Each structure stands twice: as C-alpha cells, then as structure tokens.
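Colleague: Sequence first, predicted coordinates after that:
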Amino acid sequence: MSRTPRTTTDASNGTAATAAGSAGGSPAPSRLVRLLHQDKSDPWAVRLLPRIVFGLAAAYTLFAIASQSGSSFVMVCATLLLGGTVWLLRRRTQLLLALASTILTTAFTGYFSAVGDSARMTTSAAVTGTAAFGYWALTGMALLGAWMVKEHPGRRGVTVVLADVILVIGSVVGMFVPEAGVPIGFVGVLGVLAVRGASAKAMTARGRRVGRAIRRPRPRDTRKTADS
C-alpha cells in the first residue's frame, strides 16, 4: 500500500521539486529557456513561438499601414475595434448577428436613399439626410426593441434581421416613392417586434384562454338539463 501512492505522485513531486529548486537557485529550466530550446515534448513552447512571430509581424504590418496617412490610421483603428468587439461577443451569437445586421442595414439604407435622391435631382441634401436618419433611427429601434423584452419567445438576432430586411425593402421603395419609404419601414419594424416579441405570445395565450372558455359548458346549462 505504501508503494502505490509513491509511484502515482512522482510527477507531482518532481514538478514541486523543480519549482522549489528554481526558487532556491537550482538550474531549473525557465520559460525563456524552454521557449528558445523548442523541445518537441514541450507543447507550450512549440505553440507559443509561432504565435509570437505572427503577432509581431501583424503588429508591424498594422503600424506600417497606419503610419501612411490619417485615413489609414482611422481604418486600422476601426478594424481593431471591430475585431475586439467580435472577440468579446464570440459567445453571444445572437447579439453579434444583430450588430452585423444593423451595420449592413445602415450602410444599405443610406446608400439607397442617396442614390434615389441623386437620380431624381429634385430634392435637397436636407431631405436626403432626413430620410437616411429616419432609416437609421428605425434600425436602432429594431435593435433596442429586440433586447428590451425580458422574455423573448424567439431568437433576438433573427428578429433584428427580419426587421432590417423590411427596412432595406422600404429604402428600395423610397428610391421611387420618397414619401413611402420611412412609413413602410416603421410599420414593418413595429409588425416584426409585435409578432416576434412577447406581445404576440401574450395575445396567442389570451386567444387560447378565450377559446377554452367558450368550449367549456356553462354551469347554468347543466343545471337546466338536470332539472328537465
């Protein structure tokens, strides 16, 4: 019985001894030595060196691109911000999907409104900005409306995508009929939030309750049949 725990705890005792020895000044291999030695039996050092090399190369490339001009610097900063946001939200797929859909919808609606106004050449720039800001406000309304509901019956990201698709369709209609673009988007966003939100679930539950109440026999009717 005394041999078994000794054989099973040899590795742990060895690691503890090396740690104690390194603290006491014995020639234990440090992390730098392990990294430079690149022993195949050490997966930590084998994996870390390529990551360091590629990381330094990527940092130098971004620095070289950002130092060319002011627009390049802004582009690099925006790319880093977007990459950090995606990394932080990698586990929240619905929120990431909703944000991506919101960004694309903002770009598409702004483009379609600008193209429609430039093709007509009868409206001013203020009207263009008003239409674009109206679409962007509805995009934010769809994003906030999907997350304001505490108990959402469906997937929130899918709700935002559906609302954004209707907004893009409304902006396409607004290219030809400027007065109908924003109202179509507003009604579409409200409809999607109502159907996909908790209000639709509550309405269906109330409808089922009313149907069950109608189907149940009334107590007065049962009494009349019993007396007869």
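Modeller: Structure received. Numbers count the residues shown, from 1 in each chain.
Colleague: Is the residue most central in space within the chain inside a helix or a strand, and which specific one?
Modeller: When CA atoms, centre = their mean is applied to the chain, the residue found nearest the centroid is residue 96 (1.0 Å). With secondary structure defined by DSSP states H and E, residue 96 is part of helix 93-120.
Colleague: how about that helix: buried residues?
Modeller: By neighbour count, and taking 16 or more other CB atoms under 10 Å as the criterion, the buried residues in helix 93-120 are 94-102, 105-106, 108-110, 112-114, 116-117. Every C-beta, even on glycine, is put in place using the N, C-alpha and C of the backbone.
Colleague: which secondary structure elements does that helix contact?
Modeller: Counting contacts by 3 or more CB pairs under 8 Å, 6 or more residues apart in numbering; DSSP states H and E, helix 93-120 packs against helix 125-148, helix 156-176, helix 178-196.
Colleague: Please repeat the previous calculation with a cut-off of 10 Å.
Modeller: Using 3 or more CB pairs under 10 Å, 6 or more residues apart in numbering; DSSP states H and E as the contact criterion, the secondary-structure elements in contact with helix 93-120 are helix 70-88, helix 125-148, helix 156-176, helix 178-196.
Colleague: Let me know which of the ones you listed is the nearest to residue 216.
Modeller: Distances from residue 216 to each of the helices and strands packed on helix 93-120 were compared by CB to CB, and the smallest falls on helix 178-196, at 28.9 Å.
Colleague: between the closest one and helix 125-148, how big is the angle?
Modeller: Using axes from the mean of the first three to the mean of the last three CA atoms, to 10 degrees, one finds that helix 178-196 and helix 125-148 are set 0 degrees apart in direction.
Colleague: ok and helix 178-196 relative to helix 93-120, angle-wise?
Modeller: Inter-element angle recorded for helix 178-196 and helix 93-120: 170 degrees (by the same axes, to 10 degrees).
Colleague: got the CA positions of helix 178-196 in CSV?
Modeller: Output for helix 178-196, consisting of C-alpha atoms alone and laid out as CSV, is shown next (Å, rounded to 0.1, in the frame of the first residue of the first chain):
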residue,chain,number,x,y,z
PRO,A,178,-39.8,59.1,-51.3
GLU,A,179,-42.9,59.6,-49.1
ALA,A,180,-43.5,55.8,-48.6
GLY,A,181,-40.0,54.6,-47.6
VAL,A,182,-39.8,55.6,-43.9
PRO,A,183,-43.5,54.8,-43.2
ILE,A,184,-43.1,51.3,-44.7
GLY,A,185,-40.0,50.7,-42.6
PHE,A,186,-41.8,52.0,-39.4
VAL,A,187,-44.8,49.8,-39.9
GLY,A,188,-42.6,46.8,-40.8
VAL,A,189,-40.4,47.2,-37.7
LEU,A,190,-43.4,47.5,-35.4
GLY,A,191,-45.0,44.4,-37.0
VAL,A,192,-41.9,42.3,-36.6
LEU,A,193,-41.4,43.4,-33.0
ALA,A,194,-45.0,42.7,-32.2
VAL,A,195,-45.1,39.3,-33.9
ARG,A,196,-41.7,38.1,-32.6
